[in-house]
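Asks: coordinates for the following, if possible.
(6 chains)
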6 protein chains.
Amino acid sequence: MFMHNKRLQYTVRVAEPNPALASLLLEQFGGPDGELAAAMRYFTQGLGEDDPGRKDLLLDIATEELSHLEVIGSIVAMLNKGVKSHLSEGAMSEADLYMEINAGGDSHTQSILYGGGPALTNSSGVPWTAAYVDSRGDPTCDLRSNIAAESRAKIVYERLINITDDPGIKDALGFLMTREIAHQKSFEKALYAIEDNFPSGKLPGIERYANMYVNTSQGDGDTQGSWNSGEQWDVVDDVVSAIPMDGGDGLASVKLDKATQQVMAKAAARLISNPSSDPQTGVDLGAGPGAGLITEADMGGAKNIKDAAAMAEAE
Amino acid sequence: MFMHNKRLQYTVRVAEPNPALASLLLEQFGGPDGELAAAMRYFTQGLGEDDPGRKDLLLDIATEELSHLEVIGSIVAMLNKGVKSHLSEGAMSEADLYMEINAGGDSHTQSILYGGGPALTNSSGVPWTAAYVDSRGDPTCDLRSNIAAESRAKIVYERLINITDDPGIKDALGFLMTREIAHQKSFEKALYAIEDNFPSGKLPGIERYANMYVNTSQGDGDTQGSWNSGEQWDVVDDVVSAIPMDGGDGLASVKLDKATQQVMAKAAARLISNPSSDPQTGVDLGAGPGAGLITEADMGGAKNIKDAAAMAEAE
Amino acid sequence: MFMHNKRLQYTVRVAEPNPALASLLLEQFGGPDGELAAAMRYFTQGLGEDDPGRKDLLLDIATEELSHLEVIGSIVAMLNKGVKSHLSEGAMSEADLYMEINAGGDSHTQSILYGGGPALTNSSGVPWTAAYVDSRGDPTCDLRSNIAAESRAKIVYERLINITDDPGIKDALGFLMTREIAHQKSFEKALYAIEDNFPSGKLPGIERYANMYVNTSQGDGDTQGSWNSGEQWDVVDDVVSAIPMDGGDGLASVKLDKATQQVMAKAAARLISNPSSDPQTGVDLGAGPGAGLITEADMGGAKNIKDAAAMAEAE
Amino acid sequence: MFMHNKRLQYTVRVAEPNPALASLLLEQFGGPDGELAAAMRYFTQGLGEDDPGRKDLLLDIATEELSHLEVIGSIVAMLNKGVKSHLSEGAMSEADLYMEINAGGDSHTQSILYGGGPALTNSSGVPWTAAYVDSRGDPTCDLRSNIAAESRAKIVYERLINITDDPGIKDALGFLMTREIAHQKSFEKALYAIEDNFPSGKLPGIERYANMYVNTSQGDGDTQGSWNSGEQWDVVDDVVSAIPMDGGDGLASVKLDKATQQVMAKAAARLISNPSSDPQTGVDLGAGPGAGLITEADMGGAKNIKDAAAMAEAE
Amino acid sequence: MFMHNKRLQYTVRVAEPNPALASLLLEQFGGPDGELAAAMRYFTQGLGEDDPGRKDLLLDIATEELSHLEVIGSIVAMLNKGVKSHLSEGAMSEADLYMEINAGGDSHTQSILYGGGPALTNSSGVPWTAAYVDSRGDPTCDLRSNIAAESRAKIVYERLINITDDPGIKDALGFLMTREIAHQKSFEKALYAIEDNFPSGKLPGIERYANMYVNTSQGDGDTQGSWNSGEQWDVVDDVVSAIPMDGGDGLASVKLDKATQQVMAKAAARLISNPSSDPQTGVDLGAGPGAGLITEADMGGAKNIKDAAAMAEAE
Amino acid sequence: MFMHNKRLQYTVRVAEPNPALASLLLEQFGGPDGELAAAMRYFTQGLGEDDPGRKDLLLDIATEELSHLEVIGSIVAMLNKGVKSHLSEGAMSEADLYMEINAGGDSHTQSILYGGGPALTNSSGVPWTAAYVDSRGDPTCDLRSNIAAESRAKIVYERLINITDDPGIKDALGFLMTREIAHQKSFEKALYAIEDNFPSGKLPGIERYANMYVNTSQGDGDTQGSWNSGEQWDVVDDVVSAIPMDGGDGLASVKLDKATQQVMAKAAARLISNPSSDPQTGVDLGAGPGAGLITEADMGGAKNIKDAAAMAEAE
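Replies: Presented below is the predicted three-dimensional model:
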């Protein structure tokens, strides 16, 4: 069960209201790498977890992330205090309010729709979705996902620090950013405390395909490194000759009963695109005299299609 | 630029149509860890990447994932060949068709809406969304995200292998599953080939907060491991006493100009929830004679609220 | 700041695994009226709230809803314990596993994608979205929204109780359902403790339009009640004669500068749908000999268009 | 069946084009409390309703909301007349058009994607979703939801009035805002005309839990009011001692058959996070010499982590 | 199987970084008519297609659209090169970076969340969704959808050309725009090469209803053209008299067994909105002295409700 | 302004309740080609339209589609009458209700969440989204999109007719299906009544690229037809040699100022993936003794990876 203390995990001191900055900070409130995503990621993993050590770890960090959600949400609420009251009391001229909500980010929506309260959207106003949570119920996957998520949250905090010059906000963001580093360390420990954690799951891979590197993108820029060369890799450079890689015919097939085959044949006959006809089409009916095309010769001195069209129209 | 060869990377041999199984396999076609997600994750990273080695790697694997999308989509198409033609030609009785599309998964939607073509949804019919793609434009984050994504894709293939007894499908899924292992290995190499890859980004963390472990979830089940104990961790067990962690007052504040303060005071006065009144409410107006409640005593022998309600009604 | 105790707010005793039932219960975990929606609704309102009484209330209930999220999620986790381990260990035959995950609801996705962990989706597998949270930053709106949300959560729990015969689950759901009743009572008190809470906001309405009832849906079934008749209502029955209700011309207009008017005229001329032509169309090009139509006479004895088509085809 | 008259319910007179303002007004066209949401909410309830009085009321108001959708959409269309024709005819310089579509809100998307036509998005460009509609098929819930929705729509109109100084738009918005007041009154009448409307549904609550108030959020700021104190409430202040509230063990359990227990044990052994190991981790492999951390002492005179990092880099 | 060559299909020369313009161009990267939508539309159709001609065509164009995705994404990446490195290195003052990311469009999110990499969102930051793909598994539908999609993609490119004055970008967009014209021509050919392509599907329509035009929108502005007048149309002008169009009673009915009828009667009695009561409501409890309304007379000289409210407050 | 008559446009006679069938029919209520999508598509186009003929046409059909929404919603409501009342009154045993809601489709969600009322979701429970509406504010695009949409709606109705044997439902669906044919005819007339309707928009294409066909998908299955061969097409078969098609270098470039170049160089150095190192990775730390791989030789007699793994485990 959860409990709450009204003090924040970290004190929030905001220098002055700024709804546009508030809108940017929402990235860590209701964005994909924000604190709700973190809390829900760990909380739902914790509920499904059977291993006592991991369960404890996941619930500890989930609970702390909720506390971070509170810190970042409190910063947003402080930044919006001005526009919130101005709008609710109609306390400024229409023109001034219009300018206050159009000063950057998506603060127009945060003000008009959410009334300046912290909303669970990202900085573009996209509502938070559980599609951001990539828990799969297997600890060797989930811990890797958590490690990656912590590294992402760290970088987003860093970017926000880089665009904010309010010292109190910078201070709190520095704390939050550092806690992501701490959490990543814990999840790394928990991952490698599973003795055999690669590959995920229980089924082994097939060695031949596990050591194959398929050089599908070719041309200038082909580069070699430990990720695609050296002893451990069988590199396939002549890709076309190698397909299919199982030595079969490279086709897709399914065995159908006779009745279905007959129905399919009927459908095929009904819907065949006759390759030997050259039908009149809607395009033929609709194209005007010039057929909406211009030759490169006709473009003459025009630098681009727009100028060419303008010239043609002027004639 | 992309090119395409009509042979598949791996031959697809399906034993017989099965639209319900097709619906399950969509998880790897249009699901969050499916091949479109993989291809788009690496492709968009590759476009933004400046490092030639990583760019090459990302484009190689992105291109291969598109080819895997083709393999899994071809399996789905084969499994749907029957219902697709039956439905388009109206070739079976209504009752038989109704049963064919209601045999499991969300094949009802795949048949009626998508006509048996492979649709970019997951196995519940949820359309694929780019919200699944967590690229952040920093290689130490993105490579970690890729490693995690490959481990997730591996486990989902493993689960599909575990519920499928069609040998041709099992065979192809085994290939696809193994390729995820290979890709994970490549991404690990690329990550650790960046000399200083932890923490992500450029700003350092604050040591004090990076080594702190906050034991926010307490009670029976508290467990110790390398993730939350030992020399490297300063553990905070008495959490309430420790907040806020910066030694401040733990409150959120913002400096407001006088005019805004006055507007806020006006709003507060207008909207105060008077704590000393005990108002009549909508509930008082709407609650019937029994006020919709039942005492535990009244529940008597009833085992639960539903039986108790049934007994009360019967009286 | 949040803290957590490992005991649940209510003990969870599940009689036996049942992934299909688990899928249904997700409605209260990751569905629109589920516990995450409740917790986030009150938590975000609490962060933005200035009134101390309401802030306290919102944080109290938000925290309790998180604890309910834990209870319902724990039930789901217990119901999935069987399929989770069967799938992760490949411990049953493919056919048995296939049947276990296709037994009802959307448990196929919950098993294959989420590995049996409780996922923040509703019972159809739709990921939770913050679009469910309708907080608007005004207490007279938000408290009404909260009252409505609690009444909805109550009914969904009631329906789940009605379809579940596991006594332990029924017991826990009875507790959770009742707590929604308690919360509704608290929110009603807080709403009516605001002296002047109707209409929401600060701007008054215009009396003439506030007392007007427009009878837009007519015909058999027109009914009268206190909501559309009696002294307080001016009823508009002859709607067509009454529009527009401001006595203007009922048109939409905008003042445009001369240059824009000229551009618009040019666009209009370019794109006019010539009403006096009767052009040949794509339909004319594409319709087969029978033009894909059948007269009612031709349908003859056929009871419906499908039978008629079958008869025609048989001829 | 619906019919339509080409006159609007209220005359729309717009002073001059303004695509940025148009973008803000979309909140009431395709936003969560906009007119489409209102119309669909009442229309779908009306279709499912059996009570003749409510059915009539719901269809009356649904139809009027469609007419409001037309009014607000017409305002948007007028505000976009300029940019729409400028863009379609390429009638201004590229730089001027670029500035016209970047003047505020999300008008850039409304112009480029939707061509200046009124789009069913909110003011951030988020497409309307039926997830906004919270109808539950029970009138005591749905009428409460409708009451809340009307109060929300009222406040959003009020905010738009507060930021708009076009008199014709202000006039039309005043009408629309007032109609929401009228609709709320009707829905209140219909709710309380149901004799026993609280709690929603048919199952009673359990008295003990219905009168309990759990003080989960504690510390400075704890406040009392009729919502959490007084005779009707049993207040739980010592929360930790009170859990679980059913007097059980507060754990989650499920009865498993022997085979499943064995499989679970196997999975647990395979995946145990060994608490007694202290493994080397990816972090150890990836951390550079300074391990990406900085002590508070080292931060010296730097005011924040960014300045400290800059100082360190400069050295 | 797919392969990739590192040269682009069209050379990209960008004059200077501009993250705001990058954000607008995303419309054709991750927007509804963008290149991912195009590629996935044709690719998934191709996988399900049985006709060899159409399959070849769909895979050719799908592959080319992937190459266009690469071109447009490369333009976006170039436009973001500045902000990407400034942000990752913290290389400018906070104020300058804040201004750089707030210069237009939704570049704030593209910078902070996506780090300047090309993200699969539209120009408002809405993540790409497969809901944009309208393939239905029937070629006469899908080819029409493709034709429409190509015409839409053409217009969006045209608008982008109209707001961009970077010559290299204009050049590349001109190429991409023209390719949509070419693709539309191919799809038109393929549609009309199906001999009997209207109406879609196999079932014929009923002649009487296929030639009926229902004039549901009436009043000034009723217009005639070949789409609603002339020999081929039976026009219904007196709509109310004509409903229902099948000559039945226009009601919805279902046959219910006796037990269900009894349950329904019980539910109806329990939930009846008593039309003869005039209940006190929540509105009555909550309305203040003036009931939040103002008469038009009272508005006096005020031009609108906001001014009237301000005057009333001032008194 | 809209008005409503309580008679339906077509009488609805349902033979017996069937919530699973109701769930399938939702495809045409809240699905992508359903009646809400149709109504909103034409209504929003109509609001933005300046041409009087098209405006009238769009409003006529939009209004009729709303009436179709009512017809299909009424069928759904009738099919759900049983389960709705059974659930609201708790009138059947838990086991019977559980079976009633699990009989097919996604009726479990329709019953538990929506209470049997018609919900604006598709047949998989995905909420309707305005992302389905592809209006672009240009009539030559929008009419093509409408034509395609009508053809899609026709086919979905056809499929529903093919799986339904309730004669009353079949009858009503036949009417609705035929009306889509009529609407397509009207939109075709309106499109071709625009004299010069191809290509869409005003800017011409570049002839050279408009007539080029790029044969990107090669191998067995390459097919010729009027869409990719004949006089009007310049076919590019040797694709690799032809890129880039503008004769440039096929690279993406941007001109950067010196300061930015220096920052980029710094970032590149910091983040280089060193191609000459062969680092130890997380995989090396985590792979167990067998490294999770199995050779094809070791697979021996096993038919697939799962059997091989089982054999290995048994040893």
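Asks: pick out the residue of chain A closest to chain D.
Replies: Using C-beta to the nearest C-beta, the single residue of chain A nearest to chain D is residue A:125, 2.9 Å away. The way it works is simple: take the backbone N, C-alpha and C, and place the C-beta from them, glycine included.
Asks: residues in contact with that residue?
Replies: A:106, A:109, A:110, D:122, D:123, D:124, D:125, D:126, E:124, E:125 (C-beta atoms under 8 Å, 6 or more residues apart in numbering or on different chains).
Asks: identify the residue spatially nearest to the last one, adjacent ones excluded.
Replies: The one in question is residue E:125. residue A:124 (2.9 Å; C-beta to C-beta, 6 or more residues apart in numbering or on different chains).
Asks: the third one now?
Replies: What sits nearest to residue A:110 in space, not counting adjacent residues and going by C-beta to C-beta, 6+ apart, is residue A:23, at 5.4 Å.
Asks: related to what we said a few turns ago, which of the contacts of residue A:125 lies closest to chain F?
Replies: Distance to chain F, by C-beta to the nearest C-beta, is smallest for residue D:126 among those, at 8.9 Å.
Asks: just give the number of residues close to the closest one.
Replies: Counted with other C-beta atoms under 10 Å in any protein chain shown, residues neighbouring residue D:126 total 28.
Asks: now swap in residue A:167 and tell me
Replies: As a burial measure, residue A:167 scores 14 neighbours (other C-beta under 10 Å).
Asks: that one and residue D:303 touch, don't they?
Replies: Yes. Between residue A:167 and residue D:303 there is a contact under C-beta atoms under 8 Å: 6.0 Å.
Asks: contact partners for residue A:124?
Replies: So residue A:124 contacts A:106, D:124, D:125, E:106, E:108, E:109, E:121, E:124, E:125, E:126 (C-beta under 8 Å, 6+ apart).
Asks: quick one: secondary structure of residue A:276?
Replies: Of the three states, residue A:276 takes coil under DSSP: H, G, I helix; E, B strand; the rest coil.
Asks: just to revisit the earlier point, tell me the spacing between the residue nearest to residue E:125 and residue A:150.
Replies: From residue A:124 across to residue A:150, the span is 23 Å (C-beta to C-beta, to the nearest Å).
Asks: could you do residue A:11 as well?
Replies: Distance of residue A:11 to residue A:150, given as C-beta to C-beta: 23 Å.
Asks: which one of these two has more residues nearby?
Replies: When residue A:11 and residue A:150 are compared on other C-beta under 10 Å, the one with more neighbours turns out to be residue A:150, at 27 against 23.
Asks: any idea which element the residue of the stretch 101-250 of chain A found nearest chain E lies in?
Replies: In the stretch 101-250 of chain A, the residue that lies nearest chain E is residue A:124 (2.9 Å; C-beta to the nearest C-beta). Element membership of residue A:124, judged by DSSP states H and E, is empty: it is in no helix or strand.
Asks: please see if the top helix by length along chain A touches chain E.
Replies: Secondary structure of chain A per DSSP state H: the longest helix is helix A:52-79. No. Applying C-beta under 8 Å from any C-beta of the partner chain, one finds helix A:52-79 out of contact with chain E, separated by at least 13.4 Å.
Asks: that helix near chain B at all?
Replies: Yes. Helix A:52-79 lies within reach of chain B by C-beta under 8 Å from any C-beta, at A:52-53, A:55-57, A:59-64, A:67, A:74-75, A:77-79.
Asks: these: which ones sit near chain D?
Replies: residue A:53.
Asks: related to what we said a few turns ago, between the contacts of residue A:125, which is nearest chain B?
Replies: Using C-beta to the nearest C-beta, residue E:125 comes nearest to chain B of the contacts of residue A:125, at 10.5 Å.
Asks: pLDDT score for the closest one?
Replies: Note for residue E:125: predicted pLDDT of 98.
Asks: just residue A:291 next, same as before
Replies: Confidence at residue A:291, expressed as pLDDT, is 64.
Asks: now the residue nearest to residue E:125: how far from residue A:202?
Replies: 41 Å.
Asks: make sure residue A:32 is actually in contact with residue B:134.
Replies: Yes. Proximity of residue A:32 to residue B:134 meets the contact threshold set by C-beta under 8 Å, at 6.4 Å.
Asks: now the common contact residues for those two.
Replies: By C-beta under 8 Å, 6+ apart, residue A:32 and residue B:134 have these common neighbours: residue A:132.
Asks: burial of residue A:300, as a residue count?
Replies: 11.
Asks: much appreciated, bye for now.
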